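Student: compute the structure for the input listed below.
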Amino acid sequence: MLLFALAAVVLTVSYVIDGGLASAIGGGMSVASMALLGNVDDVSDRDTHGSDISYIVYLVAIDQIDRNQEFPQPNALREVAAIPLKSGEVPHYFEAHDIPTFTGTTEKGDITTTGTNTFTIIMGGARVPLYNFIEEYSGGKFILLFKHIKNPTWYILGELERPCILANTETKDDKDGRYTTFTFTRSSVDLPLVYAGNPAVSDSVTIPAKSTTIPFAKNANNYTLQDGEAVINAVSGLTASDKGRYVTIFGAGTDKPATIVDGTTFVLIDGATWTAKAGASLTLRVLDAQTLVEVSRIETA
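Tutor: The predicted structure follows:
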């Protein structure tokens, strides 16, 4: 009996080590995956109350996107760099009459899990711009950008290969009210990602040639580096309140492009130098007044 008991213990330990038990728990969720996720604590009611999405939502139509550039993919922190738009194109904002609504659902089927993203905007009034938008873009494909009230972080819903579809509109003009409801849907289990771009696009600030410092301004998140073979190794204009802010550096160099090198000011992925050639871009997150961390980059030959 002791020999049988010992054999049973050995077999059990072997089963756990080989991962059999891990695959039997949680419908296939591995122990390693849960270890990466870590613990998830509860939050206060301040973080659970509703009506927190900002009234302003930005829309980017698929035909505005520059397909000659790589569409940004999320990093490990779920951050997505600025969407590459065609020259002269900008996101357009829709100011809702009521708090917009986002819902994301998933459902386990016989074979796999399916999901749906739904985003609803109620626009007030019986207006020509709304009528024109419905007639022109019903069934259209969009990328949606939205944020929460008093929160500087923007979120992005949709991507080039799987955008949000303007699936349903309802226009009402009667004794109860005048408004239009836009409903965008997307078949996906993926939820919103953090958008590292700046929806309220402004003209890019041009950095003088041969300058080694980028002077950041409060009202600008886009900067362009000219030719001049300068090695950018310093910044100015940032304060502690800029922590978490995203900025994008664009290249405009030809035969003598500037470079940004890894160091104490710019913390670059794998320590790789970024070259500011025309068409290249570098998106960074402000860590503190003197340090920026790379989110993603586009490089050109």
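Student: when you work out contacts or count neighbours from here on, use the C-alpha atoms and nothing else.
Tutor: Fine.
Student: can you map out the helices along this structure?
Tutor: 2-17, 20-24, 31-37, 128-137 (DSSP state H).
Student: which of the ones you listed has the lowest mean pLDDT?
Tutor: The weakest mean pLDDT among these belongs to helix 20-24, with a mean of 40.
Student: now stretch 56-64 - C-alpha only, PDB.
Tutor: The C-alpha coordinates for stretch 56-64 follow below in PDB (Å, rounded to 0.1, in the frame of the first residue of the first chain):
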ATOM      1  CA  ILE A  56     -16.800  64.900 -27.500                       C
ATOM      2  CA  VAL A  57     -15.900  61.900 -29.700                       C
ATOM      3  CA  TYR A  58     -13.500  62.100 -32.600                       C
ATOM      4  CA  LEU A  59     -14.100  60.000 -35.800                       C
ATOM      5  CA  VAL A  60     -11.500  59.000 -38.400                       C
ATOM      6  CA  ALA A  61     -12.900  57.600 -41.600                       C
ATOM      7  CA  ILE A  62     -11.000  54.800 -43.200                       C
ATOM      8  CA  ASP A  63     -10.500  56.800 -46.400                       C
ATOM      9  CA  GLN A  64      -8.600  59.400 -44.300                       C
END
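Student: contacting residues for Thr213?
Tutor: 232-236 (Cα atoms under 8 Å, 6 or more residues apart in numbering).
Student: also His92?
Tutor: Contacts of His92 (Cα under 8 Å, 6+ apart): 58-60.
Student: check those against Tyr155 and report the nearest one.
Tutor: Tyr58 (10.3 Å; Cα to Cα).
Student: please name the nearest non-neighbouring residue to that closest one.
Tutor: Tyr93 (4.1 Å; Cα to Cα, 6 or more residues apart in numbering).
Student: quick one: the one you found and Tyr55 touch, right?
Tutor: No: contact criterion Cα atoms under 8 Å: Tyr93 and Tyr55 do not qualify, at 9.9 Å.
Student: what's around Arg245, how many residues?
Tutor: 19 (other Cα atoms under 10 Å).
Student: any idea how far it lies from Phe216?
Tutor: Using Cα to Cα, to the nearest Å, Arg245 is found at 11 Å from Phe216.
Student: try Val267
Tutor: Going from Val267 to Phe216 by Cα to Cα gives 17 Å.
Student: give me the more crowded residue out of these two.
Tutor: Using other Cα under 10 Å, the more surrounded residue of Val267 and Phe216 is Val267, with 21 against 17.
Student: any idea of the pLDDT on that one?
Tutor: Value for Val267, per-residue pLDDT: 95.
Student: once you drop chain neighbours, what's closest to it?
Tutor: Nearest to Val267 is Val293, by Cα to Cα, 6+ apart, at 4.8 Å.
Student: and the one you found, how many neighbours does it have?
Tutor: Val293, neighbours per other Cα under 10 Å, totals 20.
Student: same check on Leu77?
Tutor: 9.
Student: got phi/psi on it?
Tutor: phi -100, psi 10 (degrees, to the nearest 10).
Student: can you name the residues bridging to the residue nearest the centre of the chain?
Tutor: Nearest to the geometric centre of the chain sits Tyr195, at 2.8 Å (Cα atoms, centre = their mean). Tyr195 has these beta-bridge partners by DSSP bridges: Val80, Trp154.
Student: any idea how far it is from Val40?
Tutor: Counting by Cα to Cα, the gap from Tyr195 to Val40 is 23 Å.
Student: related to what we said a few turns ago, which of Tyr93 and Tyr55 has more neighbours?
Tutor: More crowded of Tyr93 and Tyr55, by other Cα under 10 Å: Tyr55, with 22 against 17.
Student: ok, that one - contacts?
Tutor: With Cα under 8 Å, 6+ apart, Tyr55 has these contacts: 95-100.
Student: which residue, neighbours along the chain excluded, lies closest to it?
Tutor: Tyr55 sits nearest to Ala96 (Cα to Cα, 6+ apart), 5.0 Å away.
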